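Chemist: Everything below, folded, please.
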Amino acid sequence: MKLSVLVTFYNQKDYVDRALRSILLQNTDFEYEILVGDDGSTDGTLDKIKEWQAKYPNKISVYIMDRQEGKKYNSSFRASRNRINLLKYVKGKYFTYLDGDDYFCNNNKFQKQIAFLENDNEKRFSMCAHNVYSVDGKSGTKTIFLKKMERNMKLKAKDYWKKYYFHPDSIIFRSEYIKEIKYNLVKDYFNDNMIVYSFLQHGDIYYMADIMACYTQTGDGIWTGSSKYVGCLRNLMDMDLEIKINDDFWVSSLIRHFWDIYYFVFRKNVNNESNDKIKFYLKQIAKDKLYNTEILYRYNVGKKRFSIKAYSLFFKAMIAYILFNMKWIVKRNR
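Modeler: Residues are numbered from 1 along each chain as shown. Predicted coordinates for the structure are as follows:
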């Protein structure tokens with residue numbers, strides 16, 4: 001088996017047909033499988049999925065996550081577990097993810113990316129990405145997601161992590177590195193960035209300028225549905241996890257999360273202690289020993305005018321960020 005396509009759904013009945021059809025329309029000279037993970041949908045999503053499975057029983061496999069009635073779940077953590085659960089069933093030499101409300105828009109996507117990875121005999125690249133359309137969930141309007149990236153690029157792992165974001169819908173990964181994922185650290189945090197970060201530990205990333213997938217933005221997603229404060233807090237949690245996974249990337253992580261650190265240092269007294277979502281994340285921060293995040297949060301909501309630890313982290317990040325951008329500007333202008 002050459003490729004495994006991992007598709008995740010939760011209460012997305014209206015998108016099932018579009019997502020699965022976009023996979024099955026791919027033109028390939030190799031076999032691929034479709035692994036569907038449903039996070040306990042209750043809106044008829046699963047019925048739709050099973051209709052497709054009945055049509056393609058040798059190609060589509062379905063894995064369902066249980067939900068306890070009445071129990072509240074964190075949507076991000078559930079999505080993470082759904083993605084990780086599907087990795088156990090991968091048979092392909094390569095694999096890719098597709099969120100249930102997204103779809104592929106180029107029928108040669110798989111063939112192009114696999115051809116590149118197959119020709120990378122030295123396995124310099126652990127993954128191959130491409131550009132996507134951002135689609136407004138209400139109007140259907142499409143805009144190019146990476147407007148200034150109009151040429152193919154070879155990016156070193158640390159350089160990518162300092163500056164770039166490629167949507168996971170666009171990336172095909174080498175399956176041999178699945179076993180190297182640090183599940184004990186990322187099981188609740190296997191979001192877009194953490195997926196890519198886990199595979200950057202094993203090679204660089206190749207980017208194709210072709211637009212071959214559509215990423216739907218509904219405004220109520222795991223990330224887009226959160227406040228800026230919550231988003232920055234979660235980014236800082238990711239930063240701590242990144243350093244735990246590989247502290248050799250710590251400078252790259254400081255650069256990537258500079259503006260999250262800045263927000264928590266200089267947007268003082270944004271007190272969200274009464275917010276249930278914040279309380280939930282504070283428990284996770286303590287449980288997973290995310291010390292930098294805890295330092296920045298406590299300083300942000302506290303009455304102290306100065307915190308050596310918080311400002312030390314900020315100044316390290318600021319110096320790294322400035323030096324990186326100076327080098328990038330010089331390199332671009334050569």
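
Chemist: What residues of stretch 293-305 count as buried?
Modeler: 293-297, 299-300 (16 or more other Cβ atoms under 10 Å). (C-beta placed from N, C-alpha, C; glycine too.)

Chemist: typo on my end, it should be stretch 232-250
Modeler: Quick answer for stretch 232-250 (16+ other Cβ under 10 Å): 232-246, 249.

Chemist: likewise stretch 57-70?
Modeler: Buried residues in stretch 57-70, counted by 16+ other Cβ under 10 Å: 59-62, 65.

Chemist: quick one, strands of the stretch 151-300 of the chain?
Modeler: Assigned strands in the stretch 151-300 of the chain, in chain order: 153-155, 172-174, 204-217 (criterion: DSSP state E, counting those that start in this stretch).

Chemist: Just confirm S61 is within a strand.
Modeler: Yes - counting by DSSP: H, G, I helix; E, B strand; the rest coil, S61 falls inside a strand.

Chemist: Nearest residue to it in space, please, no chain neighbours.
Modeler: L35 (5.4 Å; Cβ to Cβ, 6 or more residues apart in numbering).

Chemist: can you check S198 too?
Modeler: Closest residue to S198 apart from its sequence neighbours, by Cβ to Cβ, 6+ apart: I181 at 5.0 Å.

Chemist: Return the residues in contact with that neighbour.
Modeler: Residues in contact with I181 (Cβ atoms under 8 Å, 6 or more residues apart in numbering) are 84, 87, 198.

Chemist: mind giving me TSV with those residues and columns for neighbour count?
Modeler: What follows is the contacts of I181, written out as TSV (neighbours: other Cβ atoms under 10 Å):
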residue	neighbour count
I84	18
L87	20
S198	23
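
Chemist: Which members of those occur in helices, if any?
Modeler: 84, 87, 198 (DSSP state H).

Chemist: I'd like those residues as TSV, with pLDDT appended.
Modeler: Formatted as TSV, these follow (pLDDT from 0 to 100):
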residue	pLDDT
I84	97
L87	98
S198	98
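
Chemist: so which of the residues you listed comes closest to S22?
Modeler: Set against S22, the nearest of these by Cβ to Cβ is L87 (21.5 Å).

Chemist: distance of the closest one from M65?
Modeler: For L87, the distance to M65 equals 14 Å [Cβ to Cβ, to the nearest Å].

Chemist: Check P57 too.
Modeler: For P57, the distance to M65 - Cβ to Cβ - is 21 Å.

Chemist: now do K316
Modeler: 40 Å.

Chemist: now for the worst-scoring helix or strand of the chain on mean pLDDT, which elements pack on it?
Modeler: Lowest mean confidence among the helices and strands of the chain (mean pLDDT, DSSP states H and E): helix 308-333, at a mean of 83. Packing partners of helix 308-333 (3 or more Cβ pairs under 8 Å, 6 or more residues apart in numbering; DSSP states H and E): helix 157-163, helix 250-256, helix 258-266, helix 291-301.

Chemist: Just name the most buried of these.
Modeler: helix 250-256 (a mean of 22; mean count of other Cβ atoms under 10 Å).

Chemist: hey, C-alpha coordinates of that helix in PDB?
Modeler: Provided in PDB are the C-alpha atoms of helix 250-256 (Å, rounded to 0.1, in the frame of the first residue of the first chain):
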ATOM      1  CA  TRP A 250      14.100  26.000  21.400                       C
ATOM      2  CA  VAL A 251      15.400  29.100  19.600                       C
ATOM      3  CA  SER A 252      13.100  28.300  16.600                       C
ATOM      4  CA  SER A 253      10.200  27.900  19.000                       C
ATOM      5  CA  LEU A 254      10.900  31.200  20.800                       C
ATOM      6  CA  ILE A 255      10.900  32.900  17.400                       C
ATOM      7  CA  ARG A 256       7.700  31.200  16.300                       C
END
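
Chemist: Let me see the contact set for Q284.
Modeler: 188, 237, 290.

Chemist: Next, format the residues you listed as CSV and append distance to Y133 and pLDDT.
Modeler: Below are the contacts of Q284 laid out as CSV (distance: Cβ to Cβ, whole Å; pLDDT from 0 to 100):
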residue, distance to Y133, pLDDT
D188, 30, 95
M237, 29, 97
L290, 34, 97
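
Chemist: any chance of those residues in a markdown table, with distance to M1 too?
Modeler: Putting those into a markdown table (distance: Cβ to Cβ, whole Å) gives the following:
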| residue | distance to M1 |
| --- | --- |
| D188 | 29 |
| M237 | 35 |
| L290 | 38 |
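
Chemist: Which single one of the residues you listed is nearest to T96?
Modeler: Among those, and counting by Cβ to Cβ, the member closest to T96 is D188, at 22.2 Å.

Chemist: Give me the neighbour count for the closest one.
Modeler: If you count neighbours by other Cβ atoms under 10 Å, D188 ends up with 20.
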